[in-house]
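1. Got a predicted structure here, sequence first:
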Amino acid sequence: MSSEHLRFTGDPALPASEFAVSATDLTKRFGTFTAVDAISFTVRKGEIFGFLGANGAGKTTAIRMFCGLLPPTSGTANVAGYNIRTQSRYIKQTIGYMSQKFSLYEDLTVAQNIEFYGGIYGLTREHIARKTEQLLEELQLQDRRNKLTASLPLGWKQRLALSVSLLHDPSIIFLDEPTGGVDPISRRNFWRIIYEIAGSGKTVFVTTHYMDEAEYCNRLSIMYRGRIIEIGHPGELKERYGLDSMQDIFIHLVGGDIRPENTP
């Protein structure tokens, strides 16, 4: 891999107010292991931005730093205008976050999960009650409102987890491999919802190891061994490398070292 692929920055022509997320030399080490290695980039407001890479590339570590859940070792980043080092509590109030495990309590009912997260986000009882009925209707879960969340099919758990992350109307949504383990139809339906969210003006930051999902992003970065080795629109990257798919581009950049997962 050539050295020109090892460092990319955001578009300096855009004013800072256009950035929902920005990072400069952001690094996270665990002892002698560097999980995230001096990454620099920006994400525009209202953009669907993808973090693409194989398992272990550093995507989840990076997203946890952006969400204020993990302090960086060095470098800096801003999310929704807040510094991740000094203003993480404000970030947590501003963003929505859906983790790999969907962040649901399976021993609570569907309605109780919505009510619980509404309380965490500081919503009033009236607001929580209104949102609960709204989400149950939108998700077509009215008849399962009193069923334990553990009884839901995986695709429905996924949609419920996304819905509770949106309860407080955040401006930025972080989705950490949200489609892992679900069937292809549920994955496609989920991406329709992501487009609706972005269409409402929210910024969507999503990590994935599925090459076909990279095609759905407005822009994406490719992570490899903790570094961003390429960044751009999927169409631009295909044209740049003269290749037909994101999987071909990924393999071209990393060689035969790691093969990402693809659509089952």
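-> Everything's here; your move.

2. Hmm, L135 is touching S163, no?
-> Yes. The criterion here is Cβ atoms under 8 Å, and L135 meets it with S163 at 4.8 Å. Bear in mind the C-beta positions are built from the backbone N, C-alpha and C, glycine included.

3. intersection of neighbour lists for the two?
-> With contacts taken as Cβ atoms under 8 Å, 6 or more residues apart in numbering, L135 and S163 have I114 as neighbours in common.

4. pLDDT weak spots in the stretch 101-250 of the chain?
-> By pLDDT under 70, the low-scoring segments of the stretch 101-250 of the chain are 101-102.

5. Show me where it has its strands.
-> 172-176, 203-208, 219-224, 227-232 (DSSP state E, counting those that start in this stretch).

6. any chance of those strands in TSV, plus mean neighbour count and distance to D107?
-> Shown next, in TSV, are the strands of the stretch 101-250 of the chain (neighbours: other Cβ atoms under 10 Å; distance: least, Cβ to Cβ, whole Å):
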stretch	mean neighbour count	distance to D107
strand 172-176	24	22
strand 203-208	24	27
strand 219-224	24	35
strand 227-232	21	39
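
7. Looking at the ones you listed, which is nearest to F190?
-> F190 lies closest, by Cβ to Cβ, to one member of the strands of the stretch 101-250 of the chain: strand 172-176, at 9.1 Å.

8. so how far is that closest one off the chain centroid?
-> Here the centre of strand 172-176 is set off from its chain's centre by 4 Å, with Cα atoms, centre = their mean, to the nearest Å.

9. Out of the strands of the stretch 101-250 of the chain, the one nearest T34 is which?
-> Comparing these by Cβ to Cβ, strand 227-232 comes nearest, at 9.1 Å.

10. CA atoms of that closest one as CSV?
-> Provided in CSV are the C-alpha atoms of strand 227-232 (Å, rounded to 0.1, in the frame of the first residue of the first chain):
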residue,chain,number,x,y,z
ARG,A,227,-6.3,4.1,9.8
ILE,A,228,-8.4,5.7,7.2
ILE,A,229,-6.9,4.6,3.9
GLU,A,230,-9.4,6.2,1.5
ILE,A,231,-12.4,8.5,1.6
GLY,A,232,-15.0,9.7,-0.9
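
11. Partner strands of that strand and their direction?
-> Using DSSP bridges, strand 227-232 pairs in its sheet with strand 219-224 (antiparallel).

12. can you list contacts of the partner strand?
-> Everything outside strand 219-224 that qualifies as a contact, by Cβ under 8 Å, 6+ apart, is 8, 39, 41, 43, 47-54, 57-59, 62, 214, 228-234, 246, 249-250, 253-254, 258.

13. Name only those of those residues that count as buried.
-> Neighbour counting with 16 or more other Cβ atoms under 10 Å marks 8, 39, 41, 43, 47-54, 57-59, 62, 214, 228-232, 234, 246, 249-250, 253-254, 258 as buried within those.

14. Can you tell me which of those end up in helices?
-> With helices defined by DSSP state H, the entries of the buried ones among the contacts of strand 219-224 inside them are 59, 62, 214, 234, 246, 249-250, 253-254.

15. Could you dump the residues you listed into JSON lines with distance to L123 added?
-> Below are these laid out as JSON lines (distance: Cβ to Cβ, whole Å):
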{"residue": "K59", "distance to L123": "30"}
{"residue": "A62", "distance to L123": "29"}
{"residue": "A214", "distance to L123": "35"}
{"residue": "P234", "distance to L123": "37"}
{"residue": "M246", "distance to L123": "39"}
{"residue": "I249", "distance to L123": "43"}
{"residue": "F250", "distance to L123": "41"}
{"residue": "L253", "distance to L123": "44"}
{"residue": "V254", "distance to L123": "44"}
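
16. Flag every buried residue along the lengthiest helix in the chain.
-> Looking across the chain with DSSP H, the single longest helix is helix 184-199. By 16+ other Cβ under 10 Å, the buried positions in helix 184-199 come out as 186-187, 190-191, 193-194, 197-198.

17. Let me know the closest of those residues to S103.
-> Using Cβ to Cβ, these come closest to S103 at F190, 15.4 Å.

18. Quick check: the closest one touching D183?
-> No. If you go by Cβ under 8 Å, F190 and D183 don't touch, sitting 10.6 Å apart.
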